[in-house]
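Visitor: A structural model of the following input is requested.
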Amino acid sequence: MREREKFSSRLSFIVVSVSCAVGLGNIWLLLYRAGMFGGGLYILMFLAFAFLLAIPVLTTEYAVGRGSGRSIATHYQVLEPKGSKWHLASYLGMAGNYLLMMFYTVVCGLALAYVRKGAAGSLIGQSPEYIAQSFGALVADPAQMVGFTLVIVFAGFAACYLGLNKGVERVGKYMMLVFFILIVVLIGRSLTLPGAFYGLRFIFVPDPASITEHGFFTIMHMAMGQALFSLSVGIGAMAIFGSYISKQKRLFGEAATVGVIDLCVSILCLLMIFPAAFAFGIAPTTGQGLIFVTMPNIFNHMPGTYIWSLMFYIGLAFVSFSTAVAVYENIVAISMDKFGWTRRKSTLVNVVVISVLCMPAALGTNLWSHIQPFGFANFSALFSFIVSDNLLPIGSIIYVVFCCSRRGWGFNNFLAEINTGDGIKFPTALRFYITYIIPPAIFFIFIFGHINRFLL
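Guide: Alright, predicted model coming up:
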């Protein structure tokens, strides 16, 4: 059996885990969903669900990954009781990872496109209307959407080809560092803009009108999906990093550390965007293009517009790319574990597969914009709904039940795994909560969110 690769240090494990979570949940999905669903109430629910649901689920993912030493493809099979069918859940997780990158890779391509805009200085001194039109023109151009998407795919799998330590770790460490430095500086400028107060009120003050407009359970459902999406739990995207970590540290503390860092970054991203959006009169309901429409306006009111805008776009591309690499690594590991392929073969096969699978999302805003699959605006919206609002909650329930049920891995085995090493010990008093409260809570919110959204 091939020896399992390991992270070179605990810091590498935390940085790569955070880089996977941050790009997926904080820079993109949180911003436009917070804008769409009324701000403060949605954000408050998101933070509550992150602590109450997502971090405990993350602990179970790390435990299953480290306990099995495998990816989502086979980790249930390694740990499940003989004759049981838990391994069938692996197919949901594997599908989730591929579906996730079918639309998120396109978002990474948009970030890369803005590096070119920043280098050319094409948005400097332009009006908010022109900046919004520029984003619209980009997503309507099939050549650019496909081209930038493919650059991300090939570059991302090239990093995976180099291996865990030489490729994935290095991408995560250096790219995240650049982005964190830039985001702090940009928050300072955003908060000092005239009218920034209204953005802060939108973030931190719940608006009851959002309940009337969207429905309480719809907002709750979307916030729960956001919390799970923000930490990338439910489809094995984080379990793979558990399989790469040593047994020197207890996993509850590691999951809490990653979760808290991720939530802190979430708040920073909100502070970077919404005060500036209100300052420039940009509607928070702009949608997925919010970050590409708002940030150029901030730069046009900063000294050294060119250098700061270029550095931000590079930082945004870095953090988006590091997320893509982290999930690509999971996809590569899936093929290695499932079929016994070498890293080289798995990388070469999946670079072709992902390139093809990304095309509906890349073309969904231009050549195929007339197609509204199952009533969704485009393919990206459909794929996002399937992953964040369905596969993540279902997968999270499965992870928790598998770890806590005597018909699964069993709570004693789970507890022994997460308490191996030094660090924060999992409180045994939480056994009832994680076993009997979390799964029904996720299921209840999942079901009623769908009923409220589609039937009422």
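
Visitor: now the helices for the stretch 251-400 of the chain?
Guide: Secondary structure of the stretch 251-400 of the chain, counting by DSSP state H, counting those that start in this stretch: helices at 251-279, 290-299, 305-339, 343-357, 359-363, 379-386, 392-404.

Visitor: okay, those in CSV with mean neighbour count next?
Guide: Where C-beta positions appear, they are placed from N, C-alpha and C, glycine not excepted. CSV is the format used below for the helices of the stretch 251-400 of the chain (neighbours: other CB atoms under 10 Å):
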stretch, mean neighbour count
helix 251-279, 23
helix 290-299, 24
helix 305-339, 24
helix 343-357, 17
helix 359-363, 22
helix 379-386, 21
helix 392-404, 24
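
Visitor: of all those helices, which one comes closest to F241?
Guide: With CB to CB, the closest approach to F241 among the helices of the stretch 251-400 of the chain belongs to helix 305-339: 7.9 Å.

Visitor: and the direction of that closest one versus that of helix 251-279, what angle?
Guide: Interaxial angle, helix 305-339 versus helix 251-279 (axes from the mean of the first three to the mean of the last three CA atoms, to 10 degrees): 140 degrees.

Visitor: so which elements touch helix 305-339?
Guide: Counting contacts by 3 or more CB pairs under 8 Å, 6 or more residues apart in numbering; DSSP states H and E, helix 305-339 packs against helix 10-21, helix 89-120, helix 142-162, helix 170-191, helix 239-243, helix 290-299, helix 343-357.

Visitor: and I211, which of the helices of the stretch 251-400 of the chain is closest to it?
Guide: That would be helix 251-279 among the helices of the stretch 251-400 of the chain, by CB to CB, at 19.8 Å.

Visitor: what angle do the closest one and helix 290-299 make?
Guide: Put simply, helix 251-279 runs at 60 degrees to helix 290-299, going by the same axes, to 10 degrees.

Visitor: quick one: average confidence on helix 251-279?
Guide: Across helix 251-279, the average pLDDT comes to 89.

Visitor: and for stretch 159-178?
Guide: On average, the pLDDT along stretch 159-178 is 71.

Visitor: what's the spacing between C404 and P208?
Guide: Distance, C404 to P208, by CB to CB, to the nearest Å: 37 Å.

Visitor: next one: G281
Guide: Applying CB to CB to G281 and P208 gives a distance of 24 Å.

Visitor: could you do G340 as well?
Guide: Distance from G340 to P208, by CB to CB: 56 Å.

Visitor: next one: R343
Guide: According to CB to CB, R343 stands 53 Å off from P208.

Visitor: same question, I445
Guide: Using CB to CB, I445 is found at 20 Å from P208.

Visitor: isn't I219 right up against L44?
Guide: No. With contacts counted by CB atoms under 8 Å, I219 stays clear of L44, the gap being 10.0 Å.
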